[in-house]
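1. Sequence below, structure please.
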Amino acid sequence: MRAATIQDGKLAVVEHPDPSPGHGHLLVRVRAAGLNGADLHQLRGGYPAPPGSPQDIPGLELAGEVAAIGPGVLGHQPGDRVMALVGGGAQAELALVHERLVSPVPETVTWPAAGGFPEVFTTAHDALFSQCGLRAGERVLVHGAAGGVGTAAVQLAANAGALVTATVRNPEHHRAVADLGAERVVLPEEMGDTGPFDVILELVGAPNFPANFDVLAQGGRISIIGTGAGGRIDLDLRQLMARRARLFGSTLRSRPLEEKATAARRIETHVLPALAAGRIRVPVAATYPLDQVEEAYERFRAGGKLGKIVLEV
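-> Okay, here's the model as predicted:
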């Protein structure tokens, strides 16, 4: 098989032996694989894949058809349309996925949309609902709302009956983010005029503090799942105490199989019906063939996009 491969800090498309599915695993013929911030970190050598995942083939999410099944697999057959969040190895023609991590791809969903769905929607759903316990009628602030996780979070929160404010640096994307369900879209420096918020989803990092605490409601919750603009803040613990606030931090990649499987089932129950019906969607900013993986990474690195960058394999 051919795969995007990290060699000395650079990307190349290289031939690898075809993998063979072991017990409980599927071999998936990949049709599309989304790019994420973790891929850039891995390319720079700062975010190695967890044990059991390819160390030199990036990619955390994929969609494709089951090509073969390993021993003990009962719920899937060759030809099934599936998508999954994986520890690595998605940006290849073939990938191994544990059967408990895959979800069906609705017939109404294109391969690029499916390939850009698992990581961002699982991340956003886990942060909003599993961590922060978001409820209908609460007010939510989503930072970096034009990115993959941001566009997912805006839609999930709005569909749950929350009132969503989004910060987006590029004014050209404000209308599109509002169309996804945000009742208000502002520049990051304008968030001081908003709030108070019951839940804040932090996808940018340090520059948004301490303003996040200034607009946090009593009993508010902040979930930090992105620190691309900086990861260190000067925290006054008295602010947390005064607001009875809760601060969460999260990653998905290194979680054990059981937790990832639970997250996948929650997505199947609460999100896939809306995706199949078109009530939520995966905005795809651009697609690239596997041979242009370096150009895809450059486009992702440049920022300013709305939604996902996806490799079509």
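2. so where is the protein shaky, pLDDT-wise?
-> For the chain, applying pLDDT under 70 flags no range at all.
3. swap the cut-off to 80 and go again
-> When residues are selected by pLDDT under 80, those of the chain lie in 192-193, 227-229.
4. Which parts of it are helices?
-> 37-43, 111-115, 118-125, 148-159, 174-179, 211-214, 237-243, 257-270, 272-277, 293-302 (DSSP state H).
5. Please give me every residue in contact with the nearest residue to A92 once chain neighbours are set aside.
-> Leaving aside its sequence neighbours, A92 sits nearest to A3 (C-beta to C-beta, 6 or more residues apart in numbering; 3.3 Å). No exception for glycine: its C-beta is placed from N, CA and C like everyone else's. By C-beta atoms under 8 Å, 6 or more residues apart in numbering, A3 lies in contact with V13, V14, H16, P54, I57, G89, Q91, A92, E93.
6. And for the last one, the neighbour number?
-> Neighbouring residues of E93 were enumerated by other C-beta atoms under 10 Å; the total is 19.
7. what does stretch 101-115 contact?
-> For stretch 101-115, the external contacting residues (C-beta under 8 Å, 6+ apart) are 26, 28, 30-34, 61-64, 76, 80-86, 117-118, 257, 260-261, 264, 267-268, 272, 275-278, 281-282, 284, 287, 308, 310-312.
8. With stretch 175-186 instead?
-> 142, 145-146, 150-151, 154-155, 157-159, 163-168, 174, 193-194, 283, 306.
9. Just the buried ones from the residues you listed, in ChimeraX syntax?
-> Restricted to buried positions by 16 or more other C-beta atoms under 10 Å, the ChimeraX selection for the contacts of stretch 175-186 reads:
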select :142,145,146,150,151,154,155,157,158,159,163,164,165,166,167,168,174,283,306
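10. For S103, give its distance to Y47.
-> Distance of S103 to Y47, computed by C-beta to C-beta, to the nearest Å: 24 Å.
11. So which of the two has more stuff around it?
-> A side-by-side neighbour count of S103 and Y47, using other C-beta under 10 Å, places S103 first with 22 against 17.
12. For the more buried one, give the beta-bridge partners.
-> With DSSP bridges as the criterion, S103 is bridged to M83.
13. Run a quick neighbour tally on T269.
-> Number of residues near T269 (other C-beta under 10 Å) recorded here: 9.
14. With K308 instead?
-> Using other C-beta under 10 Å, K308 is surrounded by 29 other residues.
15. doesn't P283 make contact with it?
-> Yes - K308 is in contact with P283 according to C-beta atoms under 8 Å; the separation is 6.7 Å.
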